[in-house]
Structure formats: C-alpha cells, structure tokens
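Engineer: sharing a sequence plus its predicted fold:
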Amino acid sequence: MCLRLNLTGLDRFVAAAYGAQPQVNVEVAPAIVAYQQTEISRLAKAMPRKVIPMTQDATFTGGLCLVASDRVYP
C-alpha cells in the first residue's frame, strides 16, 4: 500500500511511511467492511431482481480466477 501511495502521488495526502500505514489500515479496514455490509443490505432492498447474462472475458491459469464482463445491449 505504501508503494502504491508513493507511485500515485497520494502520499502527499495520506501517511505513506511503513510505520504509519499499518496503523491506518487497522482503523480503516473495519470501517470499510462495516460500510459495505450496511450499504449492501440497504441497496438490495430497493434493487429489483434481474438476470444478468455474463460473457467469459478471461480465465487465468495457476489459481482460481474468472473474469467476466456484463454484456451491454444497445
């Protein structure tokens, strides 16, 4: 994460030192998970169920990874 912050220039806004970043992650990671859980349940109530056909985009060997893209109709 520190390298990414440095390469993107975001280290000017977020502490990118290897000593500071783990502490930031300890505080931010649970907040992200909590936000995700509340938003998924909130948004799911208002979202109608629908079938989304998928088209295989890429399959990588060496591990379980399937990349797919939603087909968009005009």
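Structural biologist: Okay, I see it. Computed from a predicted model, the values in this text were never measured in an experiment.
Engineer: CA atoms for contacts and neighbours, from now on please.
Structural biologist: OK.
Engineer: which residue ranges form the helices in the chain?
Structural biologist: Remark: helices assigned in the chain by DSSP state H are 2-8, 21-46.
Engineer: please save the CA atoms from the shortest one in CSV.
Structural biologist: Extracted as CSV, the C-alpha positions of helix 2-8 are listed here (Å, rounded to 0.1, in the frame of the first residue of the first chain):
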residue,chain,number,x,y,z
CYS,A,2,2.8,2.4,0.8
LEU,A,3,4.4,1.9,-2.6
ARG,A,4,1.0,2.5,-4.3
LEU,A,5,0.5,5.7,-2.4
ASN,A,6,4.0,6.9,-3.4
LEU,A,7,3.7,6.0,-7.0
THR,A,8,0.3,7.7,-7.4
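Engineer: deepest-packed of the helices of the chain, please.
Structural biologist: helix 2-8 (a mean of 13; mean count of other Cα atoms under 10 Å).
Engineer: so what secondary structure elements neighbour that one?
Structural biologist: Taking 3 or more Cα pairs under 8 Å, 6 or more residues apart in numbering; DSSP states H and E as contact, there are no helices or strands that helix 2-8 lies on.
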